[in-house]
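J.: show me how the following folds:
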Amino acid sequence: RSQFQAAFQIFCRRWLPVCIAALILSGTANLLRESRLQQEVAAKIVRFHVRANSDCASDQQIKLQVRDAVAEELQTILHGAETKAETEEILRENEPSIRAAALQTLRAGGSTDDITVTYGKVSFEEKLGIMAQGLADKNIITMLLIFLTAGVFVGVVGRSSAESVAYFMLQLIPARFAVIVLFIVACFVSVAMGTSVGTITLITPIAVAVSEASGFSMALCVASVMGGAMFGDNLSFISDTTIAACNGQGCEMKDKFRENFWIAFPAAVATLILILVLSFQTEIQGHVSQSYHLVQVLPYVLVLIGGIIGINVFVVLLTGIVSGAFIMLIGGHTTPVDLLTNMGSGVSGMFETCMVAILVAAMCALIREYGGFDALLAWIHRIFRGKRGGQLGMGLLVGAMDIATANNTVAIVMANPIAKEMAQEYGITPRKAASILDTFSCIFQGIIPYGAQMLVAISAVNELGGELSAFQIMPRLFYPMLLLVSSVIAILWNRNEK
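T.: This next block holds a predicted model:
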């Protein structure tokens, strides 16, 4: 086992960066070649695109029906056209018949909406209008409000609440199982707080203390905290990834949780078994003991229970904020001024996420207008066939975006519009699509050596005088690796998916 670990670490240090650099260079070359090809083709073709009234499922379904009907009409009237100029002339002459084909499809579906047919380039003012329509979506506004409310909650409960959970468990359970405690505590805290980075920031110093006192490997302790943090980031009702995935796909958080739980839970159990095996191979030297305030855990418990039983997320968060503020003030753990300051810090911590969501929503509206999503869906259809293939394609799509952005929330926000259209094309339920987006983004985010989670963990260790690298932690990131296995099995094993 030690020889295998040594060989793996050598590979990670020497050859993994080379492989990553080669992939990046190869991908860049392909993108440049495809970009030149696209520019050459764009000068010779006329793009056809159908715009729906909104992003809701019913309007998108009508859009697909209109698209198919108009495409059939275009095949008839454009038969024999050989040049772009000839095509443009035919389109202008047959605009009434194109509009009639679209109207006929609308009326057949019971819709009374009107049709507007336009031909030409989109002006800058029109582009701004298209981007504004993307921002006006109800799901985007809801997502932003939840982000801000979750930020207030995290600011109220603060660091001491999470530490109380950890020290209570470490004092209650024998030192032999200290690493298991770290994993379970990280799972609970991240589910309750909804932030993997925040959980790692709070629990990693405790993991360092456990390693130094008990004799467990520092890399194992930190990796266990990171794995538990990604478990909660994937399942929490107030996680920004859950909020983004559920609002983007139009499903209830409780439905996504139920879909997700039976994928994440087996991976968590398998992780605990692996940690347990390694724990019995370690000689224990001591244990960690520290004071705690168990009553501070109450806001976490209320948020967790409220989310599971399906109470409105705003009500759940407000309950956690009020109960947390009451406990912190009555117990003398903070002052009113400090409490308000912490609330402001929590909200400001969500500012970057909110701005990214706004910019991505605007850009995606423009990409959709220019037919980018239709082109990407056509490419995906050629590679991934059937519902299982569609689910795997959706997972790889968000995974690729996470590798590129090193931010699972941004990856989900970017993938949402494409994934929604993929779900409609492949017949994937909204809660399944949300589960796939959240799970696969967490898998990749939990492993990449340049992600915020890894960097925060290493920074926390270094600040406490320790030395640890990403390549020492990566071989012990059992949970993300097992979650990938569990996710693939869940997709392939379901006999209803064809």
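J.: host element of residue 428?
T.: Residue 428 belongs to no helix or strand when assigned by DSSP states H and E.
J.: pretty sure residue 406 sits against residue 452.
T.: Yes: the pair residue 406 and residue 452 passes the contact test of Cβ atoms under 8 Å, sitting 7.0 Å apart. To be clear about C-beta, it is placed using only N, CA and C from the backbone, and glycine gets the same treatment.
J.: more neighbours, the two?
T.: Set residue 406 next to residue 452 and count neighbours by other Cβ atoms under 10 Å: residue 406 wins out with 18 against 15.
J.: tell me who's in contact with that one.
T.: Neighbouring residues of residue 406 by Cβ atoms under 8 Å, 6 or more residues apart in numbering: 445, 448, 450-452.
J.: could you count how many residues lie near residue 458?
T.: Residue 458: 20 neighbours (other Cβ under 10 Å).
J.: if we can go back for a sec, now that we have the contacts of residue 406, which of them are buried?
T.: Applying 16 or more other Cβ atoms under 10 Å to the contacts of residue 406, the neighbour count classes 445, 448, 451 as buried.
J.: just checking, which of those residues comes out lowest on pLDDT?
T.: Note: of the buried ones among the contacts of residue 406, the lowest pLDDT belongs to residue 451, at 82.
J.: which helix runs longest in this structure?
T.: Identified as the longest helix of the chain according to DSSP state H is helix 138-172.
J.: what's that one packed up against?
T.: helix 178-193, helix 196-214, helix 240-249, helix 298-308, helix 313-330, helix 336-349, helix 351-369 (3 or more Cβ pairs under 8 Å, 6 or more residues apart in numbering; DSSP states H and E).
J.: among those helices, which is nearest residue 109?
T.: Counting by Cβ to Cβ, residue 109 lies closest to helix 351-369 out of the helices and strands packed on helix 138-172; the figure is 21.0 Å.
J.: tell me the angle the closest one makes with helix 240-249.
T.: Helix 351-369 and helix 240-249 are oriented at 30 degrees to each other (axes from the mean of the first three to the mean of the last three Cα atoms, to 10 degrees).
J.: pull out the buried residues from helix 351-369.
T.: By neighbour count on 16+ other Cβ under 10 Å, the buried set for helix 351-369 is 353-354, 356-358, 360-362, 364-369.
J.: please apply the same query to stretch 119-132.
T.: Judged by neighbour count (16+ other Cβ under 10 Å), stretch 119-132 contains these buried residues: 130-131.
J.: can you tell me the average pLDDT over it?
T.: On average, stretch 119-132 scores 75.
J.: run the chain-centre distance for it.
T.: 30 Å (Cα atoms, centre = their mean, to the nearest Å).
J.: for stretch 434-449, same thing?
T.: With Cα atoms, centre = their mean as the basis, stretch 434-449 stands 6 Å off its chain's centre.
J.: do the same with stretch 343-356
T.: Worked out by Cα atoms, centre = their mean, stretch 343-356 lies 17 Å from the chain centre.
J.: what's the end-to-end length of that stretch?
T.: With Cα to Cα, to the nearest Å as the measure, stretch 343-356 spans 21 Å from end to end.
J.: neighbours around the closest residue to residue 194 other than its chain neighbours, how many?
T.: Distances taken as Cβ to Cβ, 6 or more residues apart in numbering place residue 238 nearest to residue 194, at 3.6 Å, with adjacent residues excluded. By other Cβ under 10 Å, 26 other residues sit near residue 238.
J.: name the element residue 238 belongs to?
T.: Counting by DSSP H and E, residue 238 is found in no helix or strand.
J.: show me how far whichever helix or strand residue 266 is part of is from its chain's centre.
T.: Secondary structure from DSSP H and E places residue 266 in helix 253-279. Between the centre of helix 253-279 and the centre of its host chain there is 18 Å, according to Cα atoms, centre = their mean.
J.: what does stretch 312-330 give?
T.: Distance, stretch centre to chain centre, for stretch 312-330: 26 Å (Cα atoms, centre = their mean).
J.: repeat that for stretch 329-337.
T.: With Cα atoms, centre = their mean, you get 35 Å for stretch 329-337.
J.: elements contacting the host helix or strand of residue 422?
T.: Secondary structure assignment for residue 422, by DSSP H and E: helix 408-426. Here helix 408-426 touches helix 57-77, helix 240-249, helix 351-369, helix 372-383, helix 386-405, helix 430-445, going by 3+ Cβ pairs under 8 Å, 6+ apart.
J.: could you dump these to JSON lines with distance to residue 319?
T.: Shown next, in JSON lines, are the helices and strands packed on helix 408-426 (distance: least, Cβ to Cβ, whole Å):
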{"stretch": "helix 57-77", "distance to residue 319": "31"}
{"stretch": "helix 240-249", "distance to residue 319": "17"}
{"stretch": "helix 351-369", "distance to residue 319": "23"}
{"stretch": "helix 372-383", "distance to residue 319": "39"}
{"stretch": "helix 386-405", "distance to residue 319": "31"}
{"stretch": "helix 430-445", "distance to residue 319": "24"}
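J.: of the ones you listed, which shows the lowest average pLDDT?
T.: Mean pLDDT is lowest for helix 372-383 among the helices and strands packed on helix 408-426, at a mean of 69.
J.: quick one: pLDDT of residue 102?
T.: 84.
J.: that one reaches residue 71, doesn't it?
T.: No: in this structure residue 102 lies outside contact range of residue 71 using Cβ under 8 Å: 10.7 Å.
J.: between these two, who's got more neighbours?
T.: Set side by side, residue 102 and residue 71 show more neighbours around residue 102, with 22 against 12, by other Cβ under 10 Å.
J.: quick one: contacts for that one?
T.: Residue 102 makes contact with 50, 66, 69-70, 115, 117, according to Cβ under 8 Å, 6+ apart.
J.: and it, how far from residue 112?
T.: Going from residue 102 to residue 112 by Cβ to Cβ, to the nearest Å gives 14 Å.
J.: again with residue 365
T.: 25 Å.
J.: a markdown table for the buried ones among the contacts of residue 406, including distance to residue 330?
T.: A markdown table is the format used below for the buried ones among the contacts of residue 406 (distance: Cβ to Cβ, whole Å):
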| residue | distance to residue 330 |
| --- | --- |
| 445 | 38 |
| 448 | 43 |
| 451 | 38 |
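J.: right, and out of those, which lies closest to residue 320?
T.: The closest of these, once distances to residue 320 are taken by Cβ to Cβ, is residue 445, at 24.8 Å.
J.: is it true that that closest one touches residue 226?
T.: No: shown here, residue 445 and residue 226 do not form a contact pair, counting by Cβ under 8 Å, at 10.2 Å.
J.: identify the contacts common to those two.
T.: Between them, residue 445 and residue 226 share these contacting residues under Cβ under 8 Å, 6+ apart: 196, 453.
J.: quick check: residue 256 touching residue 242?
T.: Yes: judged on Cβ under 8 Å, residue 256 makes contact with residue 242 at a distance of 6.7 Å.
J.: related to what we said a few turns ago, give me the buried subset of the contacts of residue 102.
T.: Buried by 16+ other Cβ under 10 Å: 50, 66, 69-70, 115, out of the contacts of residue 102.
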